[in-house]
Every structure is written in C-alpha cells, then in structure tokens.
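Novice: A structural model of the following input is requested.
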Amino acid sequence: MGAGNLYLIDNGRVTEPPQALVLSLGKIAAETISVMMEQSMQTALTRSYFGTKVLGYSFKMVEIPDGVNIGNDVLAFDPTQMRAAFDAGRALAMQPDPWKSMPPNSGDLPPWAFKELIQ
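Specialist: You can find the predicted model right below:
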C-alpha cells in the first residue's frame, strides 16, 4: 500500500446509455447539465485513478447500483430518491469489500488504450 488511499463513491451511472430528448427547453437544459456533470465525473475518475498511481496511493471506488432509483434529473433533490441512494450505500458498506481498485472505462479512451494505461 502506498502513502495514502483515495476513496470515491459514485452515486450516478458512469456509462448511462443515451436517451432521446423531448423538445422542451427545461428538459433540454436539464439533459445538458446532466451530460456535463456525467462527463465531469468520468474525467475526475480517470484523473483520480492515474493521480493515485503517480503518488503511490491506493484507489478505491464504489458505485451505487444501477437498479437504485436515484432519478434522471440531476437538479431534482427528491427525498425518496436520496433515501434510496443512502440505503444502497449503507447496504454496500455492510459487504466485506465492495471497493473496486480501478474505475470503469467510461468510453473516453479506446479499450486497448485504457488497458495499456492501467497496466
């Protein structure tokens, strides 16, 4: 183990499949923000992983399972969806070792390049 540890909890879908947009300004704005936040998360995961490798840290990541209803609107702070995410996180914490030691390939890099970089 290196000089430290980095723990990341992702409460979204890192590789969520695209969906058709509804022609509504509010829906388009919300989807635009959602895509920007998703891309920001993907970039942060990749940078964090490689940063830990450079610094000799351990990388640990866990994702809230896709089946948990956390909604699709990143601007909605729905108490029911927030409770579902919290409960899923608590269930993960009860597992012996839910942590992944590398992030998923979010599609920013070709699979062969990602494989070469993580070795």
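Novice: so which strand or helix has Leu8?
Specialist: strand 5-10 (DSSP states H and E).
Novice: ok, then the element right after the biggest helix by length in the chain?
Specialist: Using DSSP state H, we find that the single longest helix of the chain is helix 25-55. For helix 25-55, the following helix or strand on the C-terminal side (DSSP H and E) is strand 58-63.
Novice: how many neighbours does Gln81 have?
Specialist: The number of residues packed near Gln81 is 17, by other Cβ atoms under 10 Å. Using the backbone N, CA and C atoms, a C-beta is placed for each residue, glycine as well.
Novice: That one against Ile70, yeah?
Specialist: Yes. Using Cβ atoms under 8 Å, Gln81 makes contact with Ile70 at a distance of 5.0 Å.
Novice: quick one: Thr32 from Leu117, how far?
Specialist: Taking Cβ to Cβ, to the nearest Å as the measure, Thr32 falls 29 Å from Leu117.
Novice: Lowest mean pLDDT among the helices and strands, pick that one out for the protein.
Specialist: Every helix and strand of the chain was ranked by mean pLDDT, DSSP states H and E. The lowest is helix 111-118, at a mean of 78.
Novice: Just the buried residues of that helix, please?
Specialist: Neighbour-count burial for helix 111-118, counted by 16 or more other Cβ atoms under 10 Å, picks out Phe114.
Novice: One more: stretch 81-95?
Specialist: Gln81, Ala84, Ala85, Ala88.
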